[in-house]
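# Provided below are the primary sequence and the corresponding predicted coordinates.
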Amino acid sequence: MSTHTDRPVILAAIGNSRIRLGIWSGGEVKDAVSLEHADFDGSLAGLGDAAADAALAVIASVHRAAEDEVAARIKSKHPAVEIVRIGSDLPIPLVHNLDDASTLGRDRALNAIAAYSRAEQACAVIDIGTAVTVDFVDGEGTFQGGLIAPGVRMMLAALHDHTNALPKLDPVEPDPARGPYGRDTAHAMQLGVRTAIAGLVRTGIERFADDYDAWPQVIATGGDAGLLEPEGIIEHFVPDLQLLGIGLCVDKAAAAAQADDDADG
């Protein structure tokens, strides 16, 4: 991988449903946008003028087919940009205590790196999107593992698909004025999936804290993380946590390359 730390770097985090794009410059994520997979044609105009000066586009993905397609689309629109893939071209410098790190999703690893860089202490890392992940990084920055469960849309879809009478619903925020009791079936389903996720997150954090013997800082990201706001669980919401993790990997690789050059010189 070439290193161009004096120029902006394009960041792309490809999830199961959406693509999050941003610019890495000066140790910060800037001009971030979110798109459906089908809506991204490879154009980076939405990232502002800095995208035109970028020499690198660094991609992290949990969806291999979409990763190949996004890379091809960017290259078709911007042939001078070098495409770098997290995990194959660029390592993820995560210290872990897992039995099998080969199964760890890149999104979880990058979120953990970014969260610890912000907290500089033990932290619980919550990501609520297509799936819900609740992970723990200890006070030394070691990733200990965590929990994975269905997200809001997946839970609602499962209720419809595996029953005879429950309706097909899109997620909506229940009206707080209606209270904590589901006043009809749809209301009960919307309340149920949100309560399930809030309970998962709270119980997971409590068990992490019991095992670690200290309460971690709680950092959340993901498109549906706002549903936890009324629960008072989240201390910090960082919408571009994964992009921040990608940027930190870029900087660490650049620093290592510079150190090698200095040693050779």
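Cool, the structure landed. Note that this is a predicted model, so its numbers are computed, not measured.
# my guess is residue 12 is in a strand, correct?
Yes: the assignment for residue 12 is a strand, going by DSSP: H, G, I helix; E, B strand; the rest coil.
# Distance of it relative to residue 33?
The gap separating residue 12 from residue 33 is 11 Å, by CB to CB, to the nearest Å. In this view, the C-beta of every residue, glycine as well, is placed from N, C-alpha and C.
# how many neighbours does the nearest residue to residue 22 once chain neighbours are set aside have?
In space, and not counting its chain neighbours, residue 22 is closest to residue 32: 3.8 Å by CB to CB, 6 or more residues apart in numbering. Using other CB atoms under 10 Å, residue 32 has 16 other residues around it.
# Renumber starting at 32 from here on
Fine by me, first position is 32 from now on; the one you just mentioned is residue 63.
# Checking my notes, residue 63 in a strand, right?
Yes: checked against three-state DSSP, residue 63 lies within a strand.
# just to revisit the earlier point, so for residue 43 and residue 64, which residue has more residues nearby?
Neighbour totals were compared for residue 43 and residue 64, and residue 43 leads with 25 against 13 (other CB under 10 Å).
# isn't that one right next to residue 49, touching?
No: using CB atoms under 8 Å, residue 43 makes no contact with residue 49, being 11.1 Å away.
# List the contacts of residue 248.
150, 152-155, 266-267 (CB atoms under 8 Å, 6 or more residues apart in numbering).
# swap the cut-off to 6 Å and go again
Counting by CB atoms under 6 Å, 6 or more residues apart in numbering, residue 248 touches 150, 152, 154, 266.
# Residue 179 sits in which helix or strand?
Element membership for residue 179, per DSSP states H and E: strand 174-181.
# Other residues contacting that strand?
For strand 174-181, the external contacting residues (CB under 6 Å, 6+ apart) are 125, 127-129, 143, 162-169, 231, 235.
# next one: phi and psi at the closest residue to residue 284 other than its chain neighbours?
Distances taken as CB to CB, 6+ apart put residue 121 closest to residue 284, at 5.7 Å, once the chain neighbours are dropped. Phi and psi for residue 121, reported as degrees, to the nearest 10, are phi -130, psi 120.
# Kindly report the same for the one 10 residues further on.
The phi and psi values for residue 131, taken as degrees, to the nearest 10, are phi -140, psi 90.
# Also residue 165?
Torsion angles at residue 165 (phi, psi; degrees, to the nearest 10) stand at phi -130, psi 110.
# wait, doesn't it sit right on residue 234?
No: applying CB atoms under 6 Å as the test, residue 165 and residue 234 come out as separate, 8.9 Å apart.
# can you give me the strands in the stretch 32-181 of the chain?
Using DSSP state E, counting those that start in this stretch, the strands of the stretch 32-181 of the chain run over 40-45, 49-56, 59-67, 87-92, 113-116, 154-159, 162-168, 174-181.
# Next: the stretch 182-296 of the chain.
Taking DSSP E, counting those that start in this stretch as the test, the strands found in the stretch 182-296 of the chain are 248-252, 267-268.
# Low-confidence ranges, the protein, go.
Across the chain, the ranges flagged by pLDDT under 70 are 32-36, 289-296.
# 80 instead, please
Applying pLDDT under 80 to the chain flags the ranges 32-37, 288-296.
# Determine the longest helix present in it.
helix 216-243 (DSSP state H).
# how many other residues sit next to residue 214?
By the measure other CB under 10 Å, the count of residues near residue 214 is 12.
# Need phi/psi at it.
phi -90, psi -10.
# For it, give its distance to residue 206.
Using CB to CB, residue 214 is found at 9 Å from residue 206.
# on that earlier part again, so what sits against both of residue 43 and residue 64?
Contact criterion CB under 6 Å, 6+ apart; residues shared by residue 43 and residue 64: residue 52.
# before we move on, back to that, and the strands of the stretch 182-296 of the chain as JSON lines, adding distance to residue 175?
Converted to JSON lines, the strands of the stretch 182-296 of the chain look like this (distance: least, CB to CB, whole Å):
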{"stretch": "strand 248-252", "distance to residue 175": "15"}
{"stretch": "strand 267-268", "distance to residue 175": "19"}
